[in-house]
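# Coordinates for the following, if possible.
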Amino acid sequence: MCLSALVITGLDAVIHALSYDVDFQREIQPGDSFEILYEQPIENTSGKLVGGGDLKLLAAATLWAGPGATPALLVLTGLLGGLLCLLLLTPMGVLIAAARPPLLDAAGAAPPGADALPGATPVLVPYGVAIAAAALIVTIPPNFTW
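Below you'll find the predicted structure:
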């Protein structure tokens, strides 16, 4: 589906959903604007869906931060995510990873590429923590005067 068809389909769905609350022929004035947030599943190279929770959290954080703070949010998310990955490599991180459930697919088997390092255990990185921390760091200080 091309982008213009997706936008038209999404806009049509929004108009239908709001048609009982907003008279789009009489109440909309020039200069009025709407923001539409929609979700589209993304597949990785192996054909599995990616980013259910983290993708939604990042989209919400981006809307919360606004266009001016979005680059800082994305850079800070990457830095904090990298630090989180480094933390998982430390002895404390090994204990944290051992306490979490193993990374298995729906059939109970290890995911593709898990056998790349014999004896290594694949670990889920809770990237939502990095996204949430970056969102708080980027949005809270400008809105409060100390």
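# what residues go with each domain of this protein?
1-38, 43-143 (automatic domain parsing).
# any idea which of those domains scores lowest on pLDDT?
Ranked by mean pLDDT, the domains of the chain end with domain 1-38 at the bottom, a mean of 68.
# Give me the contact list for stretch 73-87.
58, 61-62, 65, 93, 96, 125-127, 129-131, 133-135, 137-138 (C-beta atoms under 8 Å, 6 or more residues apart in numbering). Every C-beta, even on glycine, is put in place using the N, C-alpha and C of the backbone.
# Restrict that stretch to CA atoms and write it as PDB.
Only the C-alpha atoms of stretch 73-87 are listed here, as PDB (Å, rounded to 0.1, in the frame of the first residue of the first chain):
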ATOM      1  CA  LEU A  73      15.000  12.400  22.500                       C
ATOM      2  CA  LEU A  74      16.200   9.900  19.800                       C
ATOM      3  CA  VAL A  75      19.900  10.600  20.500                       C
ATOM      4  CA  LEU A  76      19.500  10.200  24.200                       C
ATOM      5  CA  THR A  77      17.400   7.100  23.800                       C
ATOM      6  CA  GLY A  78      20.300   5.500  21.800                       C
ATOM      7  CA  LEU A  79      22.900   6.600  24.300                       C
ATOM      8  CA  LEU A  80      20.800   5.300  27.300                       C
ATOM      9  CA  GLY A  81      20.000   2.100  25.400                       C
ATOM     10  CA  GLY A  82      23.700   1.500  24.800                       C
ATOM     11  CA  LEU A  83      24.500   2.100  28.400                       C
ATOM     12  CA  LEU A  84      21.800  -0.400  29.300                       C
ATOM     13  CA  CYS A  85      23.400  -3.000  27.000                       C
ATOM     14  CA  LEU A  86      26.800  -2.300  28.600                       C
ATOM     15  CA  LEU A  87      25.200  -2.700  32.100                       C
END
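# Okay, and which of the contacts of stretch 73-87 map to helices?
When DSSP state H is applied, these are split such that 58, 61-62, 65, 93, 96, 127, 129-131, 133-135, 137-138 fall in helices.
# With respect to residue 23, which of the residues you listed is nearest?
Nearest to residue 23, judged by C-beta to C-beta, of these is residue 62 at 30.9 Å.
# ok, now which ones touch that closest one?
Residue 62 is in contact with 70, 73, 74, counting by C-beta under 8 Å, 6+ apart.
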